[in-house]
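**Q** return atomic coordinates for the entry below.
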Amino acid sequence: MYPPFDELDDERLAEVVRHTQIEFFPAGTVILHQAAEPSAFLYIVRTGVVEAVDGDHVADVLGEGEFFGFVSLFTGLEPAFTLRAVEDTICYLIDQEIALEVMATRRGLAFLAGSLRRREVSVLEGPEREAVDAWATHVSALVRRPPLTVPIDSTIKEAADLMASERVSSVLVRVDGRGALGILTDRDLRAKVVAAGRSSDTPTADIMTTPVFSVSGETTAAEVLTLMYEKGVHHVPVVGDDGEPVGMITDTDLMSLEQRSPFILKAELERAPTIEEAIQAGNRLPKMFVSLVHAHADPLDIAHAVAVTIDTLTTRLLELAIDEIGDPPCSWAWLALGSEARQEQGLATDQDNALVVECGRDEFIDVDPYFQRLATIVNDGIERAGIPRCRAGVVASDPEWRGTLDAWEERFWGWIREPARTGRAFVGIAFDYRRVTGPLDVDPVLDEVIRESAREDQFVRQLAKLAVDARPPVGLLKDAVVHPKGKSARAFDVKQGGIAPITNLARVLAVESGVTENRTLRRLRAAAEAGRLERETSEGLKEAFDLLWQIRVERQTRAVEEGEVPDDSVRPEWLGPLTRQALRDAFQMIDQAQVRLAAGLGLRR
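**A** The predicted model follows:
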């Protein structure tokens with residue numbers, strides 16, 4: 001009754017049945033584990049309900065006649081979700097070989113195109129999860145190598161030898177000097193050569209398919225999979241603006257998209273059995289970042305995904321380090337500070353973290369050597385995974401960033417009442433804190449300090465001074481960036497020149513409003529609701545923040561793809577005319593907000 005089996009004849013259906021098992025799964029049974037062994041079968045729900053889960057989040061619910069496990073089965077990759085029975089469930093388990101044959105039919109490809117297109121995956125945690133559709137990825141991002149070609153006068157043996165040596169399933173054939181192409185696939189070799197008993201000296205031209213259906217690099221993965229179904233093909237060349245092929249996309253490439261989602265990396269980190277393997281997994285963060293950019297994910301969702309990944313790496317390193325050195329002598333909490341606490345991180349980032357422990361001051365000198373060792377293992381591991389230590393030393397392995405909860409409360413009050421002794425920048429880092437893991441609940445104590453700080457007028461002025469001092473560029477002039485004092489430069493720092501000023505404005509507005517929220521856009525929204533910020537200005541700063549983050553993630557993606565170290569330096573000539581104009585407007589919006597804040601507190605700029 002269900003596609004793609006509804007169009008099989010009786011003989012073919014009987015063959016499928018001979019390769020099918022029936023299995024009963026009691027309610028609560030995990031059928032496939034996320035990021036574990038690849039699926040060995042194509043599963044069909046006969047009766048009952050199966051849910052696909054990522055951590056605590058239910059991504060999909062499958063009922064009678066629906067499939068799961070097919071991406072993992074066909075690609076040999078780890079399952080993208082944990083699949084478990086919600087209620088007592090019976091499933092049909094179809095062997096890989098017969099499942100591949102059925103799904104390779106036009107009806108099978110149609111089913112896959114529809115199923116995969118509907119499946120959207122999530123990158124975020126918590127109640128505000130936003131969907132990221134990997135099927136919106138441009139196929140140019142999936143091209144892994146230039147296509148292989150053979151001349152029109154080549155033989156089948158020559159083409160097959162090339163395919164075998166390069167481990168590819170197709171080659172293009174140059175038909176003439178005007179760019180016409182043919183294609184030869186492994187399916188052609190099986191069906192038109194081996195099955196037909198042809199000689200290996202047969203000309204390639206005799207069995208190739210021509211003309212070749214191709215797509216541009218801007219075509220989305222979903223569109224290509226649908227076109228494969230319509231055309232009945234499994235290999236599609238991707239061509240550049242000049243019409244020349246730049247790569248080849250297969251149906252297997254498209255089905256593997258699901259494995260590039262951020263929760264796969266998260267699951268790998270959570271299950272890493274050793275510190276070395278956790279570090280190796282953490283080093284794949286840039287690849288995940290680039291895949292999200294190419295999937296056109298919201299830039300702030302990408303920033304959140306980066307932070308979640310670093311949180312997961314940190315937590316797993318802490319767990320493995322504790323297994324290695326023994327249980328902690330007292331309760332503790334690992335804090336993320338700065339951009340990681342705000343969950344607003346790009347690839348050009350560093351570590352800002354701290355440790356809080358629960359013990360008396362007299363006991364701290366006895367327990368601190370343990371926590372120093374623990375923090376050093378974790379900071380070293382995060383650094384080896386590609387996230388360097390803070391240059392200013394704001395890391396938990398530094399004694400200045402460890403202490404008892406009482407000491408941390410005193411430290412916060414010291415920064416508030418004597419900000420000059422440490423510097424305003426440190427206050428900004430520490431006030432943006434978030435507990436990543438650990439049994440000690442520090443939030444009630446530290447949040448109360450932050451709420452009370454609104455009464456400290458001198459502190460609020462100091463925090464505001466930090467927010468208005470970092471002025472954005474004035475604008476762009478041809479290929480140069482003009483700064484407030486009239487100086488121009490060929491590039492600007494998109495973080496320090498645009499993102500940080502908005503972050504600093506949001507922080508002081510949140511403190512004034514008695515808000516302990518640390519995410520920038522939520523702070524702006526809360527300030528507007530508290531009457532500290534005009535709605536129009538709040539919306540303008542949000543738009544500016546989104547634009548600057550978009551520029552930032554695109555710049556860092558470009559760096560990764562060109563084999564460079566990601567940074568925040570952007571040259572105006574890299575931007576299109578509409579983006580340049582929007583950037584000028586963003587700079588003006590930031591400047592106007594700074595002027596209003598300075599005027600309200602009587603500050604000079």
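
**Q** just name the shakiest helix or strand of the protein by mean pLDDT.
**A** strand 121-122 (a mean of 37; mean pLDDT, DSSP states H and E).

**Q** show me where the stretch 151-300 of the chain has strands.
**A** Taking DSSP state E, counting those that start in this stretch as the criterion, the stretch 151-300 of the chain carries its strands at 170-174, 181-185, 215-216, 235-239, 245-250.

**Q** what angle sits between the first one and strand 235-239?
**A** I take that to be strand 170-174. Here strand 170-174 points in a direction 50 degrees away from that of strand 235-239 (axes from the mean of the first three to the mean of the last three CA atoms, to 10 degrees).

**Q** what helices or strands is strand 170-174 leaning on?
**A** strand 149-151, helix 156-166, strand 181-185, strand 245-250 (3 or more CB pairs under 8 Å, 6 or more residues apart in numbering; DSSP states H and E). For glycine as for every other residue, the C-beta is placed from the backbone atoms N, C-alpha and C.

**Q** buried ones in it?
**A** Ser170, Val171, Leu172, Val173 (16 or more other CB atoms under 10 Å).

**Q** OK, contacts around the residue nearest to the last one when sequence neighbours are not counted?
**A** In space, Val173 comes closest to Gly182 once its chain neighbours are excluded; the distance is 3.7 Å by CB to CB, 6 or more residues apart in numbering. Counting by CB atoms under 8 Å, 6 or more residues apart in numbering, Gly182 touches Ile152, Leu172, Val173, Val175, Thr204, Ala205, Met208, Thr209, Thr210, Pro211, Val212.

**Q** for Gln345, see how far away Gly182 is.
**A** 48 Å (CB to CB, to the nearest Å).

**Q** any weak-confidence spans in the stretch 201-350 of the chain?
**A** 226, 229-230, 255-264, 295 (pLDDT under 70).

**Q** okay, the nearest residue to Asp443 once chain neighbours are set aside: pLDDT?
**A** Once flanking residues are discounted, Asp443 sits nearest to Arg435: 6.4 Å by CB to CB, 6+ apart. We note a pLDDT of 94 for Arg435 in this prediction.

**Q** Arg435: which element?
**A** Assigned by DSSP states H and E, Arg435 belongs to strand 433-437.

**Q** and if you look at Ala336?
**A** Here Ala336, judged by DSSP H and E, is contained in strand 332-337.

**Q** next, the angle from that strand to strand 433-437.
**A** Angle, strand 332-337 to strand 433-437, by the same axes, to 10 degrees: 140 degrees.

**Q** can you list contacts of whichever helix or strand comes after strand 332-337?
**A** Proceeding N to C from strand 332-337, the next assigned helix or strand is helix 338-342, under DSSP H and E. For helix 338-342, the external contacting residues (CB under 8 Å, 6+ apart) are 307, 310-311, 335, 345, 349, 351-353, 394, 428-429, 432-434, 503, 518-520.

**Q** which members of the residues you listed occur in strands, if any?
**A** Among these, the members found in strands (DSSP state E) are Leu335, Asn353, Tyr433, Arg434.

**Q** so which of the strands of the stretch 151-300 of the chain comes closest to Val61?
**A** Set against Val61 and scored by CB to CB, the strands of the stretch 151-300 of the chain come closest in strand 245-250, at 30.1 Å.

**Q** which other helices and strands contact the closest one?
**A** strand 170-174, strand 235-239.

**Q** can you redo those as TSV with distance to Lys287?
**A** Shown next, in TSV, are these (distance: least, CB to CB, whole Å):
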stretch	distance to Lys287
strand 170-174	25
strand 235-239	20
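
**Q** and Arg571, which of the ones you listed is closest to it?
**A** In terms of CB to CB, the element of those nearest to Arg571 is strand 235-239, at 28.1 Å.

**Q** what's the burial count for the closest residue in space to Asp366 that isn't next to it in sequence?
**A** Nearest residue to Asp366 in three dimensions, chain neighbours excluded: Pro329, at 7.7 Å (CB to CB, 6+ apart). For Pro329, the count of nearby residues is 15 (other CB atoms under 10 Å).

**Q** state the distance from Pro329 to Val436.
**A** Pro329 is 20 Å from Val436, by CB to CB.

**Q** if we can go back for a sec, so the residue nearest to Asp443 touches Trp332, yeah?
**A** No. The criterion here is CB atoms under 8 Å, and Arg435 misses it with Trp332 at 10.3 Å.

**Q** more neighbours, the two?
**A** Shown here are Arg435 and Trp332; by other CB under 10 Å, Trp332 has more neighbours (23 against 16).

**Q** low-confidence regions, the protein specifically.
**A** 56, 106, 109-136, 226, 229-230, 255-264, 295, 419-428, 430, 486.

**Q** related to what we said a few turns ago, the helices and strands packed on strand 245-250: which one's closest to Ser538?
**A** Proximity to Ser538, assessed across the helices and strands packed on strand 245-250 by CB to CB, is greatest for strand 235-239 (42.7 Å).

**Q** skipping adjacent residues, who's closest to Asp568 in space?
**A** Spatial nearest neighbour of Asp568, excluding adjacent residues (CB to CB, 6+ apart): Lys495 at 4.2 Å.

**Q** so that neighbour sits in a strand?
**A** No. Assigned with DSSP: H, G, I helix; E, B strand; the rest coil, Lys495 falls outside any strand and is helix.

**Q** how far away is it from Leu583?
**A** 14 Å.

**Q** follow-up on the earlier one: pull the contacting residues for the residue nearest to Asp443.
**A** Counted by CB under 8 Å, 6+ apart, Arg435 has contacts Ala333, Trp334, Leu335, Ala336, Asp441, Val442, Asp443.

**Q** mind listing the residues bridging to the second one?
**A** Beta bridges link Trp334 to Leu355, Thr437, judged by DSSP bridges.
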